Each structure stands twice: as structure tokens, then as C-alpha cells.
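*Asks:* have a look at this prediction, sequence included:
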Amino acid sequence: MARFRAFEVTPERFRKVATAALLAILVVIGTGAVVRLTGSGLGCENWPRCGDTPFPEKDGHAAIEFGNRVIGAITIGFTLALWLAARRVPALPARVRRLTLALFAGNVAQIPLGGLTVIFELHPLLVMSHFLLAMAMLALAVVVLVEARGFESGWARPLVPRELRLAGFVLAGAAALLVISGAFATAAGPHAGDSSEIDRLGEPVSSVYVHAGLTAVFGSSFLLVLGYLAARRADAPRLLVLALGVLGLLLVQIGIGELQYHTGLPWLLVLAHVWSGAAVWAGVVALAMLIAKPLASLSHPRT
């Protein structure tokens, strides 16, 4: 026990564990989407077992649902490892340790929430909550990773005025509303795989219009931030590169969204839309945080 207490985790190793936890959350978001989009949510029709045994029988839907449960458990393992690692990093700020604990607890909360989703036969509010909790954990994992990177390599002084730092948080808030409205639109729209038996939430048309309106708000906020960074690129060129990367992801997301809408929502395109949306969300959170609290590597002193 004394040897364990003496064990220390280096900042570099902590950052690597944070990266692994973030990637695991991205994977489980994708596998969760596959469960929903293939109509496999009730492939294991009880919980926590899968049928009469803890393991699935020879059925494709059961295998998909059970596979998602396994990947979810692996993700919890990564977040547990991250929290334990945070406790062993010398001088790591207490707030970062608390963030890793919240990340672990949030992923553990997916277990009973997933169980309720199966017990109540995929009620759209529960399905939506399951997804939104995953997106919240993705954002938290991004914050932890940025904090880990900053602790490892240092922070720079703010590179942009206070007004733009506030605009970055407005952008992140608009993105959060966009993710939430997208979840409502999905909960109201057609359910891939089994739309005849799964209840939907409200009218899809109104949800889609709200989602489209919030897309305009988010787009305006993003263009404001991007335009400012472009105009002041001499002061923060690497922040501009990051913003352009997010713009590229956003254009891919918009293109996939339009294509899926006009092609009858094929589930592979919807899956790509979910995954690219998760990537945009993660990118926006990272951008907003780095605008407010830039890494030392982003600083670009004038010559």
C-alpha cells in the first residue's frame, strides 16, 4: 500500500490517459448511434442480462446492443483510470481532479440510464437523455484533455480581447443548444430500424425548424469568432488554424445533414452525421476554451 501511495503519474502520462478516455467516449457515442439506427435497442430485451443469460444469443440485434454495453464498460474503465491517475499527479490543480471524478461519475450514470431506456422500451426522452449525457461527457473530456495539456506544457496569456473570449463562450452555448435541438429533432423524427413500434416525441417538422433556427444562431456566432481571428491572425495564428479546422468539420457536418435529409435518412449517413456532429461539438468546446485560456504552444510573439 505504501508503494502505491508513493506511485506518481507524470503530466505526460496523465495527458495520454485523458486522450484515451476522450477517444473511448467518441467510440461509444458511435456504437450507441449504431444501436439506435439499426433498431437494436431492444436486442437485449431485459437488463442487465441479455435474454436468459448475461451474454447475447446468436442474434444480430442482440450482438449490437451487447457490444455497445461492453464498449460502454470499457469507456468507464478509461475514465476510472483517468480519475485514479489524476490523484497521483503531483501539484495537479484540485479542480482538474474534480473534473475527472465528474467524468467518471457521468459515464457510470449511463448504466442505470441505459437500463431504464430498455425497461421503458426506448422511450424517446430516455434515448435522448442517454445521448445528451454522452455529449456532455464528451465536452468534459475535452476540457480535461486541454487542462492536462496546459498542465504539461504551460499556459499563455490571453491572446485576444475579453470580448472575443466571451464570444467564445457564447459560441459554445449556441453549440450546446444546437446539439440539444438536434436530439429533439431526432426524437421526433423517423426511428431508423423500427419506426412502426417505437413512440416518437411530438411533431418532427417543428423540431426541425427549431434546429434550423439554432443552426443560424450558431453559424452567426461562429462566423463572428472566425472573422475576428482572421482579422487579427498576426496575434493568434494558431487559434485561427484551429478555428479553420472546426469550420472544415462543420462543413462536412452540414453536407452530410443535407444529404441524409434528401435521401430518406439512410442509417449509415445518419451515423456519419452523429459522429461528425460529435467531432464539431468537441472542436467547438476546445476552441472556446483555448480562446479563453490559451496553451503556451498557441502563443506567437511578434518579431
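*Replies:* It's in. Numbers count the residues shown, from 1 in each chain.
*Asks:* how many residues are close by A94?
*Replies:* Neighbours of A94 under the rule other C-beta atoms under 10 Å: 8. For glycine as for every other residue, the C-beta is placed from the backbone atoms N, C-alpha and C.
*Asks:* from now on call the first residue 229
*Replies:* Okay, residue one is now 229; in that scheme the one you just asked about reads as A322.
*Asks:* what's the spacing between it and E375?
*Replies:* From A322 across to E375, the span is 12 Å (C-beta to C-beta, to the nearest Å).
*Asks:* C278 now?
*Replies:* The gap separating C278 from E375 is 37 Å, by C-beta to C-beta.
*Asks:* next: F446.
*Replies:* Using C-beta to C-beta, one gets 25 Å for the distance from F446 to E375.
*Asks:* rewinding a little: higher neighbour count, C278 and E375?
*Replies:* E375 (23 against 20).
*Asks:* that one in helix, strand or coil?
*Replies:* Look at E375: counting by DSSP: H, G, I helix; E, B strand; the rest coil, its state is helix.
*Asks:* residues touching the residue nearest to it when sequence neighbours are not counted, list them.
*Replies:* Leaving aside its chain neighbours, E375 sits nearest to V324 (4.9 Å; criterion: C-beta to C-beta, 6 or more residues apart in numbering). Contact analysis of V324 by C-beta atoms under 8 Å, 6 or more residues apart in numbering lists 314, 372, 375-376, 379.
*Asks:* cool, A252 as well?
*Replies:* Neighbours of A252 in contact, by C-beta under 8 Å, 6+ apart: 299, 302-303, 306-307.
*Asks:* the stretch 229-378 of the chain: helices as residue ranges?
*Replies:* 230-234, 239-265, 288-314, 322-347, 352-381 (DSSP state H, counting those that start in this stretch).
*Asks:* let's have those helices in a markdown table, adding mean pLDDT.
*Replies:* Shown next, in a markdown table, are the helices of the stretch 229-378 of the chain (pLDDT from 0 to 100):
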| stretch | mean pLDDT |
| --- | --- |
| helix 230-234 | 52 |
| helix 239-265 | 94 |
| helix 288-314 | 92 |
| helix 322-347 | 94 |
| helix 352-381 | 94 |
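*Asks:* in JSON lines: those helices, plus distance to A516.
*Replies:* Converted to JSON lines, the helices of the stretch 229-378 of the chain look like this (distance: least, C-beta to C-beta, whole Å):
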{"stretch": "helix 230-234", "distance to A516": "37"}
{"stretch": "helix 239-265", "distance to A516": "16"}
{"stretch": "helix 288-314", "distance to A516": "22"}
{"stretch": "helix 322-347", "distance to A516": "16"}
{"stretch": "helix 352-381", "distance to A516": "10"}
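*Asks:* so which of these comes closest to G492?
*Replies:* Comparison of those against G492 by C-beta to C-beta identifies helix 239-265 as nearest, at 13.2 Å.
*Asks:* residues near L523, how many?
*Replies:* 17.
*Asks:* that one bridge partners, please.
*Replies:* For L523, the beta-bridge partners are W383 (DSSP bridges).
*Asks:* verify the stated contact: it with S381.
*Replies:* Yes - judged on C-beta atoms under 8 Å, L523 makes contact with S381 at a distance of 6.4 Å.
*Asks:* name the member of the contacts of A252 with the most neighbours.
*Replies:* Within the contacts of A252, T307 tops the neighbour count with 29 neighbours, counted by other C-beta under 10 Å.
*Asks:* was I right to think that residue contacts A330?
*Replies:* No - between T307 and A330 there is no contact under C-beta under 8 Å: 9.6 Å.
*Asks:* contacts only, for A507.
*Replies:* By C-beta under 8 Å, 6+ apart, the contact set of A507 is 254, 477, 481.
*Asks:* who's in contact with the first one?
*Replies:* In this case it means L254. 366, 503, 506-507, 510.
*Asks:* nearest to G441, of those?
*Replies:* Closest approach to G441 among the contacts of L254 (C-beta to C-beta): A506, at 21.6 Å.
*Asks:* I am finished for the moment; much appreciated.
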